[in-house]
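A.B. asks: have a look at this fold, sequence not included:
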DNA sequence: TATAGTCCCATGTTATCCCATGTGGTCCCG
DNA sequence: CGGGACCACATGGGATAACATGGGACTATA
């Protein structure tokens, strides 16, 4: 399972290309599709991203259900319709589609933020603000994360 | 399994032809029938579409009659009766039958909307409205989609 | 013969490929 | 321990191929 850690800020050139950080590319190595899948976060002014395998699982999950609740239908519609398949070029770069860049307010530079099994792409300044707030909230709430016991298929 | 992502808007020429987006064609590559299957959505003013393999699966499911309630049976009958086989021309275009175009109110331009294992074809303006509403609903509901554990064929 | 549906080719535009360059970090050798 | 060479990675630009789209010719059908 892909594991995305740390944060990297890369430049967006005038063609809209950005290098995906090498560690993230390494985490995706060996997948059927050489690239990432990105879609607009419906919670933040940012993009959610992952490898194709994860999207495959989502798709399979949908396949099992013959009945859709309104919520799942809406969510799936939002995610799949909005998702862009962004292939790596030979140098490990992707092209940020206009629509996505706009949603995340990304122009000159993009911050790749590791989130474990997925990652996000932010406007660097916007992310700094968000990070400060998140840290403050976590401190106030005394948040803790309970580890799931390791097992087969576990994403630890 | 075919995976349809993202949304593409293409022009319908005066002969009724539309290019199927290249990524969707790629997702269908290798199937027995070079084209798509489309039928009227019973929920939206739009068309549902998929590859022939998926229709095969539906067909096989029909054989297990007791799996289907009256509603599902009716539904399936409606789907099969209404389904059109739309072959690609040598440039990857299909011709939208009058009946289908009318139901989806498609005239000048058509929006191909990825839905994971299937996709939809909308009037672009109508889709924008629907998309906004779906997004708003998903956000209000704080919807989350539960991932199915990785299974056979799934990576990670 | 008229009409509708296919097929094939032409075109502009956009995106993808490939190479060149710079820079930072690491490793090795002195 | 210091210096130098190498390598991996991010970045930039120009050439090339893919794609969407339009029009005309050919074929089957009534």
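C.D. replies: That came in fine, so what should we check first? Remember, it's a predicted structure, so these values are computed and weren't measured experimentally. Numbers count the residues shown, from 1 in each chain, chains lettered A, B, ... in the order given.

A.B. asks: can you give me the helices for chain A?
C.D. replies: A:22-28, A:52-64, A:70-82, A:98-104, A:124-141 (DSSP state H).

A.B. asks: could I get the pLDDT score of residue A:148?
C.D. replies: Residue A:148 carries a pLDDT value of 67.

A.B. asks: try residue A:90
C.D. replies: Per-residue pLDDT puts residue A:90 at 92.

A.B. asks: next one: it from residue A:118, what distance?
C.D. replies: Distance, residue A:90 to residue A:118, by Cβ to Cβ, to the nearest Å: 25 Å. For every residue, glycine as well, the C-beta is placed using N, CA and C.

A.B. asks: cool, residue A:104 as well?
C.D. replies: From residue A:104 over to residue A:118 the distance is 15 Å, taken as Cβ to Cβ.

A.B. asks: pick out the residue closest to the middle of chain A.
C.D. replies: Most central in chain A under Cα atoms, centre = their mean is residue A:49, positioned 2.1 Å from the mean C-alpha point.

A.B. asks: neighbours of residue A:113, just the number please.
C.D. replies: 23 (other Cβ atoms under 10 Å in any protein chain shown).

A.B. asks: need the contact list for it.
C.D. replies: By Cβ atoms under 8 Å, 6 or more residues apart in numbering or on different chains, residue A:113 lies in contact with A:7, A:46, A:119, A:120, A:121, A:122, A:127.

A.B. asks: any idea of the pLDDT on it?
C.D. replies: Confidence score, pLDDT, at residue A:113: 97.

A.B. asks: that one - nearest residue in space that isn't next to it in sequence?
C.D. replies: For residue A:113, ignoring the flanking residues on the chain, the nearest one in space by Cβ to Cβ, 6 or more residues apart in numbering or on different chains is residue A:120 at 4.5 Å.

A.B. asks: quick one: name the residues of chain A near DNA strand D.
C.D. replies: A:8, A:10-11, A:13-15, A:18-22, A:25-26, A:91-93 (Cβ under 7 Å from any atom of the strand).

A.B. asks: ok, which pair from those is furthest apart?
C.D. replies: For those, the maximum inter-member distance is 27.5 Å, found between A:14 and A:26 (Cβ to Cβ).

A.B. asks: who has more neighbours, these two?
C.D. replies: A count of neighbours by other Cβ under 10 Å puts residue A:26 above the other of residue A:14 and residue A:26, at 12 against 6.

A.B. asks: residues contacting the spatially closest residue to residue A:3 that is not a sequence neighbour?
C.D. replies: Excluding the flanking residues, the one nearest residue A:3 by Cβ to Cβ, 6+ apart is residue A:27, at 5.7 Å. Residue A:27 is in contact with A:2, A:3, A:4, A:51, counting by Cβ under 8 Å, 6+ apart.

A.B. asks: can you say which of those are buried?
C.D. replies: Among the contacts of residue A:27, those buried by neighbour count (16 or more other Cβ atoms under 10 Å in any protein chain shown) are A:2, A:4, A:51.

A.B. asks: return the distance of the last one relative to residue A:97.
C.D. replies: Residue A:51 sits 18 Å away from residue A:97, taking Cβ to Cβ as the criterion.

A.B. asks: for the second one, same thing?
C.D. replies: Noted for residue A:4: a distance of 21 Å to residue A:97, by Cβ to Cβ.

A.B. asks: thought residue A:31 was touching residue A:55?
C.D. replies: No. In this structure, residue A:31 is not within contact of residue A:55 by Cβ atoms under 8 Å, at 10.4 Å.

A.B. asks: ok, the two, which is more surrounded?
C.D. replies: The neighbour comparison of residue A:31 against residue A:55 (other Cβ under 10 Å) goes to residue A:55, with 21 against 17.

A.B. asks: which residues of chain A score low on pLDDT?
C.D. replies: Scanning chain A for pLDDT under 70 picks out A:1, A:63-69, A:142-156.

A.B. asks: now with 90, please.
C.D. replies: Residue ranges of chain A with pLDDT under 90: A:1-2, A:30, A:42-43, A:56-79, A:134-156.

A.B. asks: near chain B, which residues of it show up?
C.D. replies: A:1-2, A:30-32, A:37, A:42-43, A:51-64, A:66, A:70-85, A:153 (Cβ under 8 Å from any Cβ of the partner chain).

A.B. asks: thanks again, I'm all set now.
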